[in-house]
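Asker: structure here, sequence nowhere to be found:
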């Protein structure tokens, strides 16, 4: 193994633990993942391109990308707000809210999916007031949330919220109060202190949170399928399209789309790693 | 980090009292932000949770409990427990081995290894299932092996065919896909924890004549037990709740290859909403227990940091 050259240490167990780690990593992660790339390498370039750029596939990229982007953006605003409230204010139930922020991590996605659908469908708690067919419609036209693009956005916002809160929160906790005091004593008002002193320090963490939330939303399946309505060309997300292709035994097509998604995810992962390095360096200075 | 929180709290104490300090928000700002944040949390987090239990009890407690007398529901619960009982220990052993190698030794390619361990989190659940279909499906490498005329290890091929040993659309595939999606949980908790603890205590134990295993069981394990527990509860929650990856490899055979989340989907698609939400409520309870345990571990962690701080 030229890649993993080891140095001598007095502690035992390197060969056993590293050997097992590499074996298990290869067996569970690397070999199956490489199968996706090997499978597509059997396709001709033209077949591959036509499989990943057909009208229906392009429409799925579009809705997946737009809904994920919108959800991650909204999460940036409300995630920052939630983190701010949790770190800076004391109020009854703060611990409970803090724990609850992780709910989307802990709640199985299928459960979140059916719960959100029940809420936003035309007879649901929210749906009855906003749906075009809702009994207590508030707007004359109404807005369709469940079984529309907005439903996808709602599900992805739910899924992505903790990513922003949990990346911004620790940075906010460690901000030095001296900087704010200095800014205030130099004559800045509170708004200037927040926009010119606090927000710039939070920016790398906020961007990382956005990227994590966006990356998670791109691949999300369980919470979306119930609420989206799954109309081809309209509300069909890319992960669902992969499943549809699989169910029609179009293994090569499904894998080709999966490879495009994998490349997108790995690029995002690389970007997130760079962002985290940047934000760490930013805070050391 | 402990010192930072300590200075923050003293700052806060000084701030409360009479005149508002320049580094604090005006009361109307505070209350507006608090209201918006709580409304958002209420809409997006509390409401879905409440909806699960409300829908589950819509027809009363009788209908709720009737949902669990169904043999298919019980089979789904059993399969979910079996899956987690295999996947969680497997990833626990891996997490301990990986963090021991990474935290206690120096070798080249370490940061690449850490990135590769995190890789499954970047993969869509659907794709996690798909890659196992490609390897173990009838059209995949495993299927090709079973159909090969001159295979490696003919006795193995013979045995697999005689046993009719299936991986995809069967329990082994569900377990494998679950192991894949929960792969990094324990390792990513333990690696930073063990790195921060260094090797001094282990070195001392070895110097005093302890064997490698003794050092691990008596020195390392007590030091990492809370981090380990934290990783295990998160891993378990995901293992029991995974939907996308398991959905691809399961084949949805009622009473045989349905886990709880898949059973929820089937009931829901049959418009059997009360039963669907009843099974879902068990998973929601699991999520609540997970959050409670997680908060408890975090609380203990800050407590121990604080006591260390006051001792020194």
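Answerer: Nice, thanks for sending it over. Since the model is a prediction, treat every value here as computed from it, not as a measurement.
Asker: what sits against residue 162?
Answerer: With no chain named, the answer covers chain A. Contacts for residue A:162 (Cβ atoms under 8 Å, 6 or more residues apart in numbering or on different chains) come out as A:101-105. The C-beta positions use only the backbone N, C-alpha and C, and glycine is treated the same way.
Asker: and with 7 Å instead?
Answerer: The contact partners of residue A:162, by Cβ atoms under 7 Å, 6 or more residues apart in numbering or on different chains, come to A:101-102, A:104-105.
Asker: pLDDT score for the nearest residue to residue A:207 once chain neighbours are set aside?
Answerer: Nearest non-adjacent residue to residue A:207, counting by Cβ to Cβ, 6 or more residues apart in numbering or on different chains: residue A:275, 5.8 Å away. pLDDT recorded at residue A:275 is 86.
Asker: with respect to residue B:297, which of the contacts of residue A:162 is nearest?
Answerer: residue A:102 (12.2 Å; Cβ to Cβ).
Asker: so residue B:295 touches residue A:99, yeah?
Answerer: Yes - with contact defined as Cβ atoms under 7 Å, residue B:295 reaches residue A:99; the gap is 4.4 Å.
Asker: anything in contact with each of these two?
Answerer: Joint contacts of residue B:295 and residue A:99 (Cβ under 7 Å, 6+ apart) do not exist.
Asker: so which residues on the stretch 151-300 of chain B come close to chain A?
Answerer: Residues of the stretch 151-300 of chain B found near chain A (Cβ under 7 Å from any Cβ of the partner chain) are B:179-180, B:183, B:199, B:202-203, B:206, B:212, B:237, B:241, B:243-244, B:248, B:261, B:264-265, B:268, B:276-277, B:280, B:283-284, B:287, B:290-291, B:294-295.
Asker: how about the residues of the stretch 51-200 of chain A by chain B?
Answerer: Checking the stretch 51-200 of chain A against chain B by Cβ under 7 Å from any Cβ, the hits are A:78, A:81-82, A:84-85, A:89, A:91, A:97, A:99-100, A:102-103, A:106-112, A:114-116, A:118-119, A:125, A:157-158, A:161, A:173-174, A:177, A:180-181, A:184, A:190.
Asker: ok, of those residues, which come out buried?
Answerer: A:78, A:81-82, A:84-85, A:89, A:97, A:99-100, A:102-103, A:106-112, A:114-116, A:118-119, A:157-158, A:161, A:174, A:177, A:180, A:184, A:190 (16 or more other Cβ atoms under 10 Å in any protein chain shown).
Asker: how far away is residue A:194 from residue B:226?
Answerer: Applying Cβ to Cβ, to the nearest Å, the value for residue A:194 to residue B:226 is 36 Å.
Asker: if you could redo that for residue A:270, that was the one I meant.
Answerer: To residue B:226, residue A:270 is 32 Å away according to Cβ to Cβ.
Asker: those two: who's more crowded?
Answerer: Taking other Cβ atoms under 10 Å in any protein chain shown, residue A:270 and residue B:226 do not tie; residue B:226 has more neighbours (17 against 12).
Asker: that one: helix or strand, and which one exactly?
Answerer: For residue B:226, the element it lies in under DSSP states H and E is helix B:221-241.
Asker: what helices and strands are in contact with the host helix or strand of residue A:253?
Answerer: Here residue A:253 sits within helix A:251-284, counting by DSSP H and E. Where contact means 3 or more Cβ pairs under 7 Å, 6 or more residues apart in numbering or on different chains; DSSP states H and E, helix A:251-284 is packed against helix A:31-41, helix A:45-52, helix A:199-219, helix A:238-247, helix B:110-122, helix B:125-136.
Asker: just how off-centre is the helix or strand harbouring residue B:155 within its chain?
Answerer: According to DSSP H and E, residue B:155 maps onto helix B:154-163. Distance, stretch centre to chain centre, for helix B:154-163: 35 Å (Cα atoms, centre = their mean, to the nearest Å).
Asker: show me which positions of it end up buried.
Answerer: Result for helix B:154-163 [16+ other Cβ under 10 Å]: buried residues B:157, B:160.
Asker: sorry, back to before: was I right to think the residue nearest to residue A:207 contacts residue A:209?
Answerer: No - contact criterion Cβ under 7 Å: residue A:275 and residue A:209 do not qualify, at 9.6 Å.
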